Structure formats: structure tokens, C-alpha cells
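Colleague: One predicted model, sequence on top.
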Amino acid sequence: MRIGELAQACEVSRDTLRFYEERGLIQARRLANGYRDYPQETVQLVGFIRTAQQLGFSLGEIGSNVAQLWQAEAPDQAVEGLLRDKLALVEQRVEALLQLRAVLLQRLQMACPLRPAPNPNPNL
């Protein structure tokens, strides 16, 4: 499958596919005329990449996990594990943001919000 066909099938630009290839996320073989030739399963792989991006995975994370997912005996379980790990990370970030929110709300009540906070343990 040539790059234009793949781009149309995946609803992405050719530049996106070239970028994915540069990052090692997809691979093409080169024909004698220099054109890229992608295997049919690349359509599914590009779909996976796009979905993973929408779920908050970076291209680096996707790249480090693609090979293991394609070779996994139970790909559904492997994907589930990745999603659970990502969810745990998101929950940690949410907690950190909630703590930051509380601090910001507290600072808004101060006469000078940028003044250093008093040390809660003056003996330290």
C-alpha cells in the first residue's frame, strides 16, 4: 500500500505517516522506484497510534509499547495493563492538581499571595 492510499485509509496526512515512520512507529519497505510500500496491517497500527494519543499517551510511550503489544500472546490483556498504568498516572496527577488548587485558593485569601508561606514546623 502506497503512502497516499494509507493516508486516505487512516484519514491522516502523508506528513503524519512520514513523522510516524521517522519515530519508528510504522515501517515501510522501499520499492525499486523509491516509493514507500506499507503492509495492510499498518492501517490498524495507525488506528492504534491515534487512539492511544487521544487517551493521553505520548508518541514516546506508544513507540516503547507497540512492539510488545504486537508480539503479545494476549494483546487485549497487554493493552489493559497499559491503560491501568496510565490511569494510575492520571489519578496521581489529578491528586497533585487538587493539592495545588487548595494551595492557590488559600493564597487568594492572603493579603500578599506571593509572600512565602509560614513554616508549619518552626523548630525545623
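Modeller: Arrived safely, thanks for sending. Numbers count the residues shown, from 1 in each chain.
Colleague: Only C-alpha atoms from now on, for both contacts and neighbour counts.
Modeller: Fine.
Colleague: What's the mean pLDDT across the helix ranked longest in the chain?
Modeller: Assignment by DSSP state H gives helix 75-108 as the longest helix of the chain. What helix 75-108 shows for mean pLDDT is 93.
Colleague: how about the strands in this structure?
Modeller: Taking DSSP state E, the strands of the chain run over residues 29-30, 36-37.
Colleague: Of all those strands, which one is nearest residue 51?
Modeller: Using CA to CA as the measure, strand 36-37 is the one of the strands of the chain that comes nearest residue 51, at 23.2 Å.
Colleague: out of the strands of the chain, deepest packed?
Modeller: Of all the strands of the chain, strand 36-37 has the most neighbours on average by mean count of other CA atoms under 10 Å, namely a mean of 16.
Colleague: And the contacts of that strand?
Modeller: 1-3, 28-31 (CA atoms under 8 Å, 6 or more residues apart in numbering).
Colleague: Among the residues you listed, name the buried ones.
Modeller: Buried by 16 or more other CA atoms under 10 Å: 3, 28, out of those.
Colleague: and of the contacts of strand 36-37, the nearest to residue 63?
Modeller: For the contacts of strand 36-37, the nearest to residue 63 is residue 28 (15.7 Å; CA to CA).
Colleague: doesn't residue 41 make contact with that closest one?
Modeller: No: counting by CA atoms under 8 Å, residue 41 is not a contact partner of residue 28; they are 11.2 Å apart.
Colleague: ok, residue 83 - how many residues close by?
Modeller: Under the neighbour criterion other CA atoms under 10 Å, residue 83 is assigned a count of 15.
Colleague: I meant residue 68, not that one.
Modeller: 13.
Colleague: Now do the same for it: its pLDDT.
Modeller: On pLDDT, residue 68 comes in at 79.
Colleague: how close does it get to residue 109?
Modeller: From residue 68 across to residue 109, the span is 51 Å (CA to CA, to the nearest Å).
Colleague: picking that back up, okay, buried residues for the longest helix of the chain please.
Modeller: 78-79, 82, 107.
Colleague: Turn the contacts of strand 36-37 into CSV, including pLDDT and distance to residue 49.
Modeller: Converted to CSV, the contacts of strand 36-37 look like this (pLDDT from 0 to 100; distance: CA to CA, whole Å):
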residue, pLDDT, distance to residue 49
1, 94, 18
2, 95, 19
3, 95, 17
28, 94, 16
29, 94, 20
30, 93, 22
31, 92, 25
